[in-house]
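> Return a 3D structure for these sequence lines:
(chains A and B)
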Amino acid sequence: MDREFRNNKPDMFTVELFDATSDLAESLAHSEVIMRFTNSNQVLINDQDAQRLVQEANELHQKLYAKDASRDFMRENFPRYRELQNQIASNPVLQEQSEAQEMAINFLREVNQEISQLLGIDFGSLTRRPDATC
Amino acid sequence: MDNLTLNEPEVASKSRVMEVARRFTETLAETAQYRALEETYQAFRQDGEAQAAYTALQTKQQTLRMVTMLNAVGEEDRLALKQLEDQFYGLKSVQNYIQAQETLISMCQEIGDILSDAVGLNFGLACRVGGCCG
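Residues are numbered from 1 along each chain as shown, chains lettered A, B, ... in the order given. So this is what the prediction gives:
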């Protein structure tokens, strides 16, 4: 295994804990599921059309659901939003990214379950910072 | 061609990831921070005064649940609740347990950051079933 996750040991970590954490990080990153997810993100980054679709849909979503959105605006723009949603749903790059992300999340939950069962505490909830967002 | 093969990352099988996760858990469980949590929890459970204060606080909170939800707690009840909270959180075994929890959480958040960087997803949020990641 390489050493890509072995920089900057936090002060409160023992060497053993840092090594064990780095090993886990490396094996997760090199698992088939996470590699598929990472690859799908890279393909998406290189696909400007797919990115534009997502960006336009997100921007329109914000405007449609804004408190000050008028009924006329909603009536005029909702068909376009639906169209964008359909295009997103049928875009192979976005479909793959979405599916790969779902599988990655399920995999991380399985790993967390394994750790949590042994610890007797929900490990994932301990790792969560209060201000964390997706 | 040989160079390409050499540069391909090693794929970690699911069983390998789970094995590394179990080793990580063993190491985490051996840390001073995790042992402190176990020890302070046992001390808290065996502290009769703390258990009584905990029961009294919980009982009062349950009694006031509806009015608390309606934001309609009266002054007398608010003071009584505050007194029970002060009694509970003022106990040494409770303070030690909370301190140990906070220390372990800080460490686990650092672990979570490392895992999140490795997988390209927020580990704690991904593991939260029913959260914003699904």
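
> so what are the domain limits for chain B?
B:1-46+B:93-134, B:48-90 (automatic domain parsing).

> most tightly surrounded among those?
When the domains of chain B are scored by mean count of other C-beta atoms under 10 Å in any protein chain shown, the highest mean neighbour count falls to domain B:1-46+B:93-134 (a mean of 17). All C-beta atoms are positioned from the backbone trio N, CA, C, and that covers glycine.

> Which strand or helix spans B:Leu79?
Following DSSP states H and E, the helix or strand that holds B:Leu79 is helix B:75-89.

> Spatially central residue in chain B, please.
B:Ile105 (5.9 Å; C-alpha atoms, centre = their mean).

> can I assume that one is in contact with A:Phe123?
No. Look at B:Ile105 against A:Phe123 with C-beta atoms under 8 Å: they stay out of range, at 10.9 Å.

> picking that back up, check the domains of chain B for me: which has the lowest mean pLDDT.
Out of those, domain B:1-46+B:93-134 stands lowest, with a mean of 89 (criterion: mean pLDDT).

> quick one: contacts for the residue minimising distance to the centre of chain A?
Most central in chain A under C-alpha atoms, centre = their mean is A:Gln101, positioned 5.9 Å from the mean C-alpha point. A:Gln101 sits next to A:Phe37, A:Ser40, B:Leu121 when contact means C-beta atoms under 8 Å, 6 or more residues apart in numbering or on different chains.

> With respect to A:Thr127, which of the residues you listed is nearest?
B:Leu121 (11.9 Å; C-beta to C-beta).

> so what's that closest one closest to, chain neighbours aside?
A:Ala104 (6.1 Å; C-beta to C-beta, 6 or more residues apart in numbering or on different chains).

> Restrict the helix holding B:Leu79 to CA atoms and write it as CSV.
Taking Å, rounded to 0.1, in the frame of the first residue of the first chain, the C-alpha atoms of helix B:75-89 are listed here in CSV:
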residue,chain,number,x,y,z
GLU,B,75,-41.6,29.6,35.5
GLU,B,76,-41.9,27.2,38.4
ASP,B,77,-41.3,24.1,36.2
ARG,B,78,-38.4,25.9,34.3
LEU,B,79,-36.7,26.6,37.6
ALA,B,80,-37.3,23.0,38.9
LEU,B,81,-35.8,21.6,35.6
LYS,B,82,-32.8,23.9,35.8
GLN,B,83,-32.2,22.8,39.4
LEU,B,84,-32.3,19.1,38.4
GLU,B,85,-30.0,19.8,35.4
ASP,B,86,-27.5,21.7,37.7
GLN,B,87,-27.6,18.8,40.2
PHE,B,88,-26.9,16.2,37.4
TYR,B,89,-24.3,18.1,35.5
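
> so after it, what's the next helix or strand?
helix B:92-119.

> Output the contacting helices and strands for that next one.
Judged by 3 or more C-beta pairs under 8 Å, 6 or more residues apart in numbering or on different chains; DSSP states H and E, the packing partners of helix B:92-119 are helix A:15-29, helix A:32-45, helix A:123-127, helix B:32-46, helix B:48-63, helix B:75-89, helix B:123-126.

> No further queries at this time; thank you.
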